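A.B. asks: next one to model:
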Amino acid sequence: MSADDQAFLDVLSSIPNDVKRYSVEVADFIDKNIEQVADIIRESLAASPYVPDVLRPRLPPPTPPVLQLPATALEKVQDWISRHKFLTSFIVVVTGTVAYRTYRSSCRLRKTRRARRGTTGGRMDVVVIAGSPALPLTRSLSLDMERKGFVVYIVCNSREDEVMVERLSRPDIQPLTIDITNPPSAGNAIERFAQYLQSPHSAVPRGKRYHTSLKAVMLIPSLNYQTSPIATIPPSSFADLFNTHLLQPILTIQAFLPLLTARLGPAEKFTPPKVLVFTPSIISSINPPFHAPEATVCSALSAFTEVLAAELCPLAIPVTHVQLGTFDFAGFTPSWNHRGEQHGAHHGLLPAPEGLDTNSWPDSARHAYAKNYLSQSGSAISTGTIRGMRGSSLRDLHNAVFDVIDGSNTSGVVRIGLGASVYGFVGRFVPRGLVAWMMGIRKVDELATWQSSSYNSPRSAGSDNGETSHESFIAVPLEQVSADAHVWKEA
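C.D. replies: Model prediction:
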């Protein structure tokens, strides 16, 4: 059989299969549509008026309508969630975060915070607060630490500071006189304090004796700063500022370093003391105009704290930088100072000025800075407050400090107080131009004309009739000190 014959036979054999497939498709199509066609014809005949009633087909009764029940609240919620999945996820995350933080906060509030006691009830833990007794923050922390069972020593530089500590009338809050400007005297004071820590104590006569241990040294620099344009601040004011606000805290920590790095108790019971450095953080976070003194000093103290932490980390001595927001010091300030808190005085430490006097500035400085200075002085950002809010409770600060001392909080930086975290975020992520605009800083178009004869520099502001001003600089005293003056020596 030839190839052509075989191909013809294959075609003939496939014809029945094709016919069967096409017939099945036609039958399926008729089955699916014949009923629909019959219904259409039946409805057309029933609606035609010319068809006799005998021949008119009867339509089936209409299908009763399905009763739609109202959706339940659960069904509505499920439907809304299915249509807003992204928003639902965001709400769940925010709600979970708030619930977690609320739970942690409630746990911290319920935590019992008490210092150790001896078997006879004597106080065993000692803390040192290196801050002026005139500061409400120093008084607040010292009273709270004493109430929690610590023996508190406040570093005093003068007899007036000792009198202020004695006025607290607390037997466990004692002055610790250290003259940091005299290294030999400061070394002797630290030596006597170390001997006190190493000596056994007894809470009652002939009772069981125990040793005290140094738990923490808290450094509280001065929190009050001048606000003024840089051009109007005399050089002597900068020198005095760096001496009192920057150099003095550094020398204080330097005087305590031999004590911090020496083991004063048995090795099995010795725990290294902790160092806490307190600085205001609102102004230093955003560095606004006309706050050069505070921004400079706080930035320098922050850098110093980081270096100190890096040096003491190998010695297992923790260093914590406590960045402060705004607190309500109503119970630690006189009545005339409450107005200062409402107007944004930092931490309620000084009364608000009655007026911002720019008339004493030189004409060139007044034309260049006065308008913006007055505008930013009244803005909420520059004062570090939120209108209508007095500040955080001191209880939050006290709890945070205790958690650092007992080791519950091991963070190197602790932000506490109203505005501390918010302004930190603003300083890191918000453009500086936008921050300045929100503070009321605007472009100055009119400047004073240069006049050489009327120019008064900050140094020559007090000169008259050609007399040279003898305004002195406050310099750091350079004393001939031996190389090991600050080195701790075992007795």
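A.B. asks: next helix or strand past the helix or strand where Val26 lies?
C.D. replies: Following DSSP states H and E, one finds Val26 within helix 3-47. Next helix or strand after helix 3-47 toward the C-terminus (DSSP H and E): helix 73-83.
A.B. asks: helices or strands next to that next one in the packing?
C.D. replies: Taking 3 or more CB pairs under 8 Å, 6 or more residues apart in numbering; DSSP states H and E as contact, there are no helices or strands that helix 73-83 lies on. In short, each C-beta sits where N, CA and C put it, glycine included.
A.B. asks: which secondary structure element of the chain has the lowest mean pLDDT?
C.D. replies: The helix or strand of the chain with the lowest confidence, counting by mean pLDDT, DSSP states H and E, is helix 338-342 at a mean of 39.
A.B. asks: next, the buried residues of whatever helix or strand comes next after it.
C.D. replies: Downstream of helix 338-342, the first helix or strand assigned by DSSP H and E is helix 363-377. Within helix 363-377, the residues that count as buried by 16 or more other CB atoms under 10 Å are Ser364, Ala365, Arg366, Ala368, Tyr369, Ala370, Lys371, Asn372, Tyr373, Gln376, Ser377.
A.B. asks: same check, this time on stretch 405-414
C.D. replies: Ile405, Asp406, Asn409, Val414.
A.B. asks: end-to-end on it?
C.D. replies: End-to-end span of stretch 405-414 (CA to CA, to the nearest Å): 12 Å.
A.B. asks: which residue is nearest the middle of this protein?
C.D. replies: With distances taken as CA atoms, centre = their mean, Ser421 lies nearest the centre of the chain, 2.7 Å away.
A.B. asks: contacting residues around it?
C.D. replies: Gly325, Arg415 (CB atoms under 8 Å, 6 or more residues apart in numbering).
A.B. asks: which of the helices or strands spans it?
C.D. replies: helix 420-429.
A.B. asks: with only the CA atoms kept, save that helix in CSV.
C.D. replies: Written as CSV, here are the backbone C-alpha positions of helix 420-429 (Å, rounded to 0.1, in the frame of the first residue of the first chain):
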residue,chain,number,x,y,z
ALA,A,420,13.9,65.5,76.1
SER,A,421,13.0,62.8,73.5
VAL,A,422,11.0,65.1,71.2
TYR,A,423,13.7,67.7,70.9
GLY,A,424,16.3,65.0,70.4
PHE,A,425,14.2,63.8,67.4
VAL,A,426,13.8,67.3,66.1
GLY,A,427,17.5,68.0,66.3
ARG,A,428,18.4,64.8,64.4
PHE,A,429,15.8,64.7,61.6
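A.B. asks: now it, how far from the chain's geometric center?
C.D. replies: How far helix 420-429 lies from its chain's middle: 7 Å, per CA atoms, centre = their mean, to the nearest Å.
A.B. asks: likewise for stretch 438-448?
C.D. replies: Counting by CA atoms, centre = their mean, stretch 438-448 comes out at 31 Å from the chain centroid.
A.B. asks: what residues does that stretch touch?
C.D. replies: In contact with stretch 438-448 (CB under 8 Å, 6+ apart) are residues 288-289, 363-364, 366-368, 371-372, 375-376, 378-379, 381-382.
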